[in-house]
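J.: Requesting a structural model of the entry that follows:
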Amino acid sequence: MTAFLFKHHYKTVGIVFLSIIVGLGIAEGVLRSIQYFPAAAVPPYLFANHSKTWWALTPGFYQTVNAKDGKVTYAINGQGIRSFKEFDVRPFPSVKRIFIVGDSYTFGWGENEENTFSEILYQKLLTATAQKVEVVNLGVPGFGTRQAFDRLVEYSEKLGQPQTAIYVFCPNDPVDNLTGRKVVVNGVRMDYEAKHKTLLAWIARIYYESRVIALGIDFYYNHFQDPRLLKINSLAEQKVSVEAREDFLSAQESLGNMVSWCKQRGVHLMVVSTGDSEFSGPLQHFLGQQGIPYIDGQDIFSKKKVNGRNIVLKEGHWNKIGHELMASALQEELSRLKW
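T.: Next up is the predicted model:
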């Protein structure tokens with residue numbers, strides 16, 4: 001009798017286990033069929049550790065990945081810049097060089113390089129002027145204002161000082177200045193204070209490959225643990241104006257450093273926002289006091305210019321149309337400033 005119960009118990013456990021495996025397999029297939037994709041899917045080893053900005057792009061990284069909107073290729077040159085080519089160190093004075101710094105919008109997340117506004121701007125300027133010109137895309141996903149400035153300084157020392165610098169402000173830049181130090185472990189970026197980092201790196205790999213696991217982790221982070229959302233909620237509870245809030249003050253300090261650095265070296269600085277936000281007014285006021293040109297993304301992506309066309313990918317960043325509109329706006333402003 002005992003042997004029978006023992007066998008029956010293990011048979012039941014086996015059936016339950018098999019049912020779970022089959023259920024997960026079916027769920028995986030359904031999620032893939034409806035094109036569910038991890039919200040924070042970053043290809044392993046795209047990032048490498050960096051002593052000052054904490055993470056940066058891995059030199060020599062090249063991978064075509066599956067994304068929510070289809071396949072996209074990310075190519076990082078040997079200098080740690082998103083580009084298929086290497087840039088000359090301190091080029092001839094006749095070459096007019098533009099550095100563009102910012103986060104994933106500048107990087108061109110979700111789009112192939114030829115569709116990014118930095119590459120489109122380069123092609124437009126190449127056609128419109130007889131001068132030699134280079135546009136260097138220094139965008140890195142996740143960067144805040146402080147890191148954007150640090151990257152501008154770093155690559156001015158590595159490649160030579162640009163004639164023009166463009167900072168692309170995203171509304172999450174201020175809070176990204178405050179979310180804490182990050183570290184890259186086994187090709188995966190995570191919080192420096194996190195425990196069991198190696199285990200987390202393996203979970204991140206599974207997250208990248210499995211839609212079922214991704215759905216569970218996305219739900220957990222979106223509702224309980226996302227450091228950015230937790231910080232945003234904490235800031236929202238502060239009973240102060242946006243201008244006096246910790247996140248904007250942090251961005252303003254880094255922007256002030258960027259402005260001073262550019263003025264001291266004769267570098268023309270321009271700031272453009274990705275869209276309208278609670279920071280638009282304070283940002284415009286601060287930059288106006290400094291005499292720095294500012295383009296509000298709301299003006300770029302107004303209904304009149306978009307003309308009913310969708311400008312974003314399914315995952316939320318700009319599509320090719322959005323990048324083209326941004327490139328056109330920047331070209332117009334550069335022409336107006338006679339850069």
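J.: ok, the residue nearest the centre of the chain to Leu313 distance?
T.: Relative to the mean C-alpha position of the chain, the nearest C-alpha, by CA atoms, centre = their mean, is the one of Ser104, at 1.8 Å. Separation of Ser104 from Leu313 (CB to CB, to the nearest Å) stands at 11 Å. The way it works is simple: take the backbone N, C-alpha and C, and place the C-beta from them, glycine included.
J.: Quick check: neighbours shared by these two?
T.: Overlap between the neighbourhoods of Ser104 and Leu313 is empty, taking contacts as CB atoms under 8 Å, 6 or more residues apart in numbering.
J.: State the next helix or strand along the chain beyond the worst-scoring helix or strand of the chain on mean pLDDT.
T.: Comparing helices and strands within the chain by mean pLDDT, DSSP states H and E singles out helix 2-33 as the least confident, with a mean of 58. Beyond helix 2-33 in the direction of the C-terminus, DSSP states H and E gives the next helix or strand as strand 47-50.
J.: quick one: buried residues of that following strand?
T.: Phe47, Ala48, His50 (16 or more other CB atoms under 10 Å).
J.: Which other helices and strands does it contact?
T.: Strand 47-50 is packed against strand 54-57, strand 182-185, with contacts defined by 3 or more CB pairs under 8 Å, 6 or more residues apart in numbering; DSSP states H and E.
J.: With respect to burial, which of these scores highest?
T.: Across the helices and strands packed on strand 47-50, averaging neighbours per residue (mean count of other CB atoms under 10 Å) puts strand 54-57 on top, at a mean of 22.
J.: Can you give the contact residues for that strand?
T.: Under the contact criterion CB under 8 Å, 6+ apart, strand 54-57 has outside partners 46-50, 76, 80-82, 140, 142, 147, 151, 181-184, 189, 192.
J.: That one - what's its average pLDDT?
T.: This predicted structure assigns strand 54-57 an average pLDDT of 97.
J.: Next: stretch 147-156.
T.: Confidence over stretch 147-156, taken as the mean pLDDT, stands at 98.
J.: same thing with stretch 276-289?
T.: For stretch 276-289, the per-residue pLDDT values average out at 94.
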